[in-house]
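Q: attaching a predicted model along with its sequence, questions to come.
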Amino acid sequence: MPELPEVEAVARALRPMVTGRRIRRCRVLHAIAARPHRPRELAAKAGQQRILGVERMGKYLVLRLEKGCLVLHFRLDGQLVWFDGGGEFQRKANRGREGVHVDVALELGDGVLGFVDRRHFGRVQWWPASEACPGLSALGLDPLSADFTQERFAALLKASRRPLKSFLLDQKRIAGLGNIYSAESLWHARLDPRRKANRVQPAEAWRLHKAVVKVLRAALECCSNPAPDFRKADWWFQGLEKILRVYGREGQACRRCQGKIARIEQGGRSTFFCRRCQR
DNA sequence: CCTGCTACCTGATGGC
DNA sequence: TGCCATCAGGTAGCAG
């Protein structure tokens, strides 16, 4: 599910809903969501704590608490659902096929924030500080921050022999791109995803840098309008298809040159690109 | 250190 | 209709 733009839109929508509120109780309904931590530990550390702030780091969502922080990662399918009060939660949460599958519930007094992931890839963990979380401390540059300069991007490219697609997916270098927006960025930059990062010429590096920023900003704009509505159990981002130029378009005509969009496998995942204009 | 592969889970979809 | 294979917006862990 979510890459940087989706998580950023979630952070912005969630911030006014929970900042300053106290977690009355944290219930771990599916222990796997807390792994490798113990569910009781998560419940104990998160319970009775006030939420001081909400931020995004890479694809992670971080809730700053009075002591430590809650670190959420949605992986492929995770999401948040809001229940108005305990009654609605009782009626809807974990009621079999009809209900909403909730893994972790944060009870906030007049509402319950549910972390939802049927597939159980997503995680909710408590850490004494964000630097203590291995995934967070290893994150590279945030591509929407001022730190993401052409110079630093060029230096990262030069230091890697990996194919561009794998390079862009590596969260230790640039944090936040996933399978969709890496493919989209390469399309906009007219670069073949199989090219080695350190063989990219300066003008091409410049194009890719611009493309990454442009793609993420456009997606964030789309994800923010309309803003996520956690109150609907099946809310999801609308209209993303219309901003996608290449992802998921195998066999269709390239929107730039009419070439046929190809799908290949890289690192066990699908990459979509145009063999004709991406070189 | 760097890179590439697999496991981890569940559900939806499409072909036979 | 059922059954099987394939695919899904991610990352940790491990081997070479």
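A: Cool, the structure landed.

Q: would you mind listing what in the stretch 101-250 of chain A touches DNA strand C?
A: With the criterion set to C-beta under 7 Å from any atom of the strand, the stretch 101-250 of chain A comes near DNA strand C through A:119, A:121, A:134-135, A:138, A:169, A:171, A:178-180, A:236-237, A:240. C-beta: built from backbone N, CA, C; applies to glycine.

Q: can you give me the neighbour number for A:R25?
A: Neighbour count of A:R25, defined by other C-beta atoms under 10 Å: 15.

Q: go ahead and confirm it touches A:V104.
A: No - using C-beta atoms under 8 Å, A:R25 makes no contact with A:V104, being 11.2 Å away.

Q: got a list of contacts for stretch A:60-72?
A: A:7, A:10-11, A:14, A:18, A:23, A:45-46, A:49-56, A:73-74, A:78, A:115, A:122-130, A:133, A:135-136, A:139 (C-beta atoms under 8 Å, 6 or more residues apart in numbering).

Q: quick one, which of these are buried?
A: Buried members of the contacts of stretch A:60-72, counted by 16 or more other C-beta atoms under 10 Å: A:7, A:10-11, A:14, A:18, A:23, A:45-46, A:49, A:51, A:54, A:56, A:73-74, A:78, A:115, A:122-127, A:130, A:133, A:135-136, A:139.

Q: mind checking which of those land in helices?
A: A:V7, A:V10, A:A11, A:L14, A:V18, A:K45, A:A46, A:G135, A:L136 (DSSP state H).

Q: ok, those vs DNA strand B, which is closest?
A: Taking C-beta to the nearest atom of the strand as the measure, A:G135 is the one of these closest to DNA strand B, at 13.4 Å.

Q: could you measure from the nearest residue in space to A:L156 that is not next to it in sequence over to DNA strand C?
A: Excluding the flanking residues, the one nearest A:L156 by C-beta to C-beta, 6 or more residues apart in numbering is A:R173, at 5.0 Å. Separation of A:R173 from DNA strand C (C-beta to the nearest atom of the strand, to the nearest Å): 12 Å.

Q: can stretch A:66-84 be found next to DNA strand C?
A: Yes - part of stretch A:66-84 sits near DNA strand C under the criterion C-beta under 7 Å from any atom of the strand, namely A:H73, A:R75, A:L76.

Q: picking up where we left off before, a markdown table for the ones in helices among the buried ones among the contacts of stretch A:60-72, including distance to DNA strand B and pLDDT?
A: A markdown table is the format used below for these (distance: C-beta to the nearest atom of the strand, whole Å; pLDDT from 0 to 100):
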| residue | distance to DNA strand B | pLDDT |
| --- | --- | --- |
| A:V7 | 19 | 98 |
| A:V10 | 21 | 98 |
| A:A11 | 24 | 98 |
| A:L14 | 24 | 98 |
| A:V18 | 27 | 98 |
| A:K45 | 22 | 98 |
| A:A46 | 22 | 98 |
| A:G135 | 13 | 96 |
| A:L136 | 18 | 97 |
